[in-house]
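In: Build the 3D model from these lines:
(one chain, ligands or ions: 1)
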Amino acid sequence: MDYNFYFKSRQGEMISLLKDLVQRESPTSDKKAVDACSAFLVEKFKKIGAKITRFPQKKRGDLHLVEFPAKPDKKREDQLLVLTHIDTVWPVGKIQQMPFYVAGDRAFGPGVLDMKAGLVLVFYALKTMNDLNIKPKKTIAVLINAAEETGCEESHQLIRTLAKRSSLVLCLEPSLPGGALKTQRKGRLVIRLEIQGKAAHGGSPDKGVSAIDELVAQLRLISRLRNKDISINVGLIGGGEKANVVPDRAWAVLDIRFWDSIQKEKVQRFFKNLTPTLRGARVRFATESLTPPMEKTKPSAMLLQDVKNIASGLGMTLETGRTGGGSDASIASGLGIATLDGLGPDGDGIHAENEHLLLPSLVKRAALLTELLRQL
Ligand SMILES: [Zn+2]
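Out: Alright, predicted model coming up:
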């Protein structure tokens, strides 16, 4: 069976489901909207014989686990985990200015590539297995995250639990432009820096300790960490109350990214050793969030080889590359579990108004994913 031809004949149906999903806008912050989009999709999964487990959330959209087949005859340990997310960065109403449309071999719309197309892929892969009575080697567990774009501890915890139960993890984030898989992702550390000084009249600043002066000095020191592998963005800053008062408080929030654990530890060590430059100032930091880098590991390299072999059976050559952005794949990979990311379709403009998907890659990746779920 050549799934390339099979899915080519179903391209119209797949685009129609993609349109349904894109039009059900689902920004991370809007629980009601995300839940409505998820309800629409999980109903479809139920109809093709999958088991659905809902993990209710108070503030974010509910998380869903789709298991296929619903009644596995093998042990639960033998599980393949597929990571997806249904939330997007686009607010409700964006669809008015950025409608879903197809032009030539491209489909446009908010969230079309990141990652509603990934959801279409996994739905069609499972539907095909159900329609053609194909039994996957392992039980397939698909996590539909509802807060991937912002990250949230509940979903990270669930990913860790599910990943530990799985022998391998496939993530349906879009490929790199050109179709390459993602084998390395930067890790991300968000640090809040708090400076305590001493207030005094602006006319006699020597009687106080300026928290802002201290913050500026600290940011200069921190900038020395920057190099070709470690990036630092001071994204938020604040402090002081009036121009004529020596500020006793200042703060900044930093987004720091790195390729590997050694660089991560270097950054963390640096912050642990922060000392004030001004006498009487106090410097503290808090880690607001930490996403591990996705590094090249032995289990992932072995999985990549298997995936490349299966792809070549479909006449596809897979390249690999690295990206600065994070994804849920980093969490699974950080546990030492064989993980591969960027298995979603090709396109461009993620988080930008020209976000689009290349339709030929939707067909190719559906064929590839079906073979992977069948053979791995
Ligand atoms: Zn994404």
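In: Show me which residues of the stretch 51-200 of the chain are close to the ion?
Out: Counting by CB under 5 Å from the ion, the stretch 51-200 of the chain comes close to the ion at Asp114, Met115, Glu173. Backbone N, C-alpha and C define where each C-beta goes, glycine included.
In: Most neighbours out of those, which is it?
Out: In terms of neighbours by other CB atoms under 10 Å, those top out with Met115 at 29 neighbours.
In: wouldn't that residue be in contact with Gly344 here?
Out: Yes - using CB atoms under 8 Å, Met115 makes contact with Gly344 at a distance of 5.8 Å.
In: Between these two, which contacts overlap?
Out: Leu172, Glu173, Pro174 (CB atoms under 8 Å, 6 or more residues apart in numbering).
In: Going by proximity to the ion, name the top residue of the stretch 251-376 of the chain.
Out: Distances between the stretch 251-376 of the chain and the ion by CB to the ion are smallest at Ser327, namely 6.1 Å.
In: Quick one: residues contacting that residue.
Out: Leu83, Glu148, Cys171, Glu173, Lys182, Arg185, Met294, Asp341.
In: Ok, Gln11 next?
Out: Here Gln11 is in contact with Leu359, Leu362, Val363 (criterion: CB under 8 Å, 6+ apart).
In: let's go with 7 Å and repeat that
Out: Applying CB atoms under 7 Å, 6 or more residues apart in numbering, one finds that Gln11 lies in contact with Leu359, Val363.
In: Angles on the backbone of it, please.
Out: Main-chain torsions, Gln11, degrees, to the nearest 10: phi -60, psi -40.
In: next one: Thr183
Out: phi -110, psi -10.
In: beta partners for the nearest residue to it once chain neighbours are set aside?
Out: The spatially closest residue to Thr183, leaving aside those adjacent along the chain, is Thr320, at 4.5 Å (CB to CB, 6 or more residues apart in numbering). Taking DSSP bridges, one finds Leu181 as the beta-bridge partners of Thr320.
In: and the gap between Thr320 and Gly313?
Out: 18 Å (CB to CB, to the nearest Å).
In: With neighbour numbers in mind, choose between these two.
Out: Taking neighbours as other CB under 10 Å, Thr320 and Gly313 compare with Thr320 leading, 19 against 12.
In: For that one, give me its contacts.
Out: By CB under 7 Å, 6+ apart, Thr320 lies in contact with Ala180, Leu181, Thr183, Leu304.
In: Which residue ranges of the stretch 51-200 of the chain form helices?
Out: Assigned by DSSP state H, counting those that start in this stretch, the stretch 51-200 of the chain shows helices spanning 94-97, 117-131, 153-164.
In: Tabulate those helices in TSV, adding columns for mean pLDDT and mean neighbour count.
Out: Below are the helices of the stretch 51-200 of the chain laid out as TSV (pLDDT from 0 to 100; neighbours: other CB atoms under 10 Å):
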stretch	mean pLDDT	mean neighbour count
helix 94-97	95	12
helix 117-131	97	24
helix 153-164	94	17
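In: remind me which residues of the stretch 251-376 of the chain are low pLDDT?
Out: Across the stretch 251-376 of the chain, not a single residue meets the criterion (pLDDT under 70).
In: who's in contact with the nearest residue to the residue of the stretch 251-376 of the chain closest to the ion once chain neighbours are set aside?
Out: Distances taken as CB to CB, 6+ apart place Glu173 nearest to Ser327, at 4.9 Å, with adjacent residues excluded. When contacts are counted by CB under 7 Å, 6+ apart, Glu173 is found next to Met115, Gly118, Lys182, Ser327, Ala329, Asp341, Gly342, Gly344.
In: Phi, psi for the residue most central in space within the chain please.
Out: Among the residues of the chain, the one closest to the centroid is Ser327, at 2.6 Å (CA atoms, centre = their mean). As for Ser327, its main-chain torsions (degrees, to the nearest 10) stand at phi -150, psi 170.
In: Show the pLDDT at the residue nearest to Ser327.
Out: Looking at Glu173, its pLDDT is 96.
In: pretty sure Thr139 is touching Glu67, no?
Out: Yes - using CB atoms under 7 Å, Thr139 is in contact with Glu67, at 6.3 Å.
In: Please say which of these two ends up with more neighbours.
Out: Remark: of Thr139 and Glu67, Thr139 carries more neighbours, 23 against 18, as counted by other CB under 10 Å.
In: Kindly provide the distance from the more buried one to the ion.
Out: According to CB to the ion, to the nearest Å, Thr139 and the ion sit 24 Å apart.
In: Report the spatially closest residue to Leu113, excluding sequence-adjacent ones.
Out: Nearest residue to Leu113 in three dimensions, chain neighbours excluded: Gly347, at 4.2 Å (CB to CB, 6+ apart).
In: Please name the bridge partners of that neighbour.
Out: With DSSP bridges as the criterion, Gly347 is bridged to Leu357.
In: Could you tell me how many residues sit around it?
Out: A count of neighbours around Gly347, defined by other CB under 10 Å, yields 25.
In: try Lys207
Out: For Lys207, the neighbour count with other CB under 10 Å is 11.
In: Now it. Its backbone dihedrals?
Out: Main-chain dihedrals, Lys207, degrees, to the nearest 10: phi -80, psi -10.
In: tell me the pLDDT at it?
Out: Looking at Lys207, its pLDDT is 95.
In: can you check Asp73 too?
Out: 64.
In: got it, and the one 5 residues further on?
Out: According to the model's per-residue confidence, Asp78 sits at a pLDDT of 87.
In: Next, the contact list for it, please.
Out: Contact analysis of Asp78 by CB under 7 Å, 6+ apart lists Lys138, Thr139, Ser167.
In: top of the contacts of Thr320 by neighbour count?
Out: In terms of neighbour count, Thr183 stands highest of those at 25 neighbours, by other CB under 10 Å.
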